[in-house]
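Participant: For reference, the sequence and a predicted model appear below.
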Amino acid sequence: QVQLEEFGGELVQAGGALRLSCTASGITFENHAMAWFRQAPGKEREFVASINWTGARTTYSDSVKGRFTISRDNVKNTMSLQMNSLKPEDTAVYYCAGRLWTMSSYSGAYAYWGRGTQVTVSA
């Protein structure tokens, strides 16, 4: 049974930092590209960042580029998202997602999803 689980969401002040983690089980983690998406109230789910199966390649949405860093540890089967200089518009439920081999910024391309963790950034 495949399971992705996110950790680390909480309330933080604008300008602050937060680190999200995602643990994976039930899949061969090192064969999967991983990604973070987020969904704010009343909005569609949007791409945040992705990382390829080796960790050597990453992509980011323009809205988080330079502030967020995605990383992975294929020994511990975990993925992380370091979020710095947080803004109120970063408030959302953050989801981790996985798919075999290749990265994508399209949510429909991902087969596996976590349940999400709430990040709230106060002004």
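Facilitator: Cool, the structure landed. Residues are numbered from 1 along each chain as shown.

Participant: Centroid-nearest residue for this structure?
Facilitator: Nearest to the geometric centre of the chain sits Trp36, at 2.3 Å (C-alpha atoms, centre = their mean).

Participant: Run through the bridge partners of that residue.
Facilitator: Counting by DSSP bridges, Trp36 forms beta bridges with Ala49, Cys96.

Participant: how about the strands of this protein, start to end?
Facilitator: Under the criterion DSSP state E, the chain contains strands at 3-7, 11-13, 18-25, 32-39, 46-51, 58-60, 68-73, 78-83, 92-100, 112-113, 117-122.

Participant: Looking at the ones you listed, spot the one closest to Tyr106.
Facilitator: For Tyr106, the closest of these is strand 46-51, at 7.5 Å, according to C-beta to C-beta. (Glycine included, C-beta is placed from N, CA and C.)

Participant: Check which residues of the closest one are buried.
Facilitator: Phe47, Val48, Ala49, Ser50, Ile51 (16 or more other C-beta atoms under 10 Å).

Participant: any idea which of the residues you listed is the one closest to Cys22?
Facilitator: Ile51 (10.8 Å).

Participant: is it true that the closest one touches Ile70?
Facilitator: Yes - if you go by C-beta atoms under 8 Å, Ile51 and Ile70 touch, sitting 4.8 Å apart.

Participant: Now do the shared contacts for these two.
Facilitator: In terms of C-beta atoms under 8 Å, 6 or more residues apart in numbering, Ile51 and Ile70 are both contacted by the residues Met34, Ala35, Thr58, Met79.

Participant: Quick check: the second one touching Asn52?
Facilitator: Going back to what we said before, that points to Ala35. No - the criterion here is C-beta under 8 Å, and Ala35 misses it with Asn52 at 10.2 Å.
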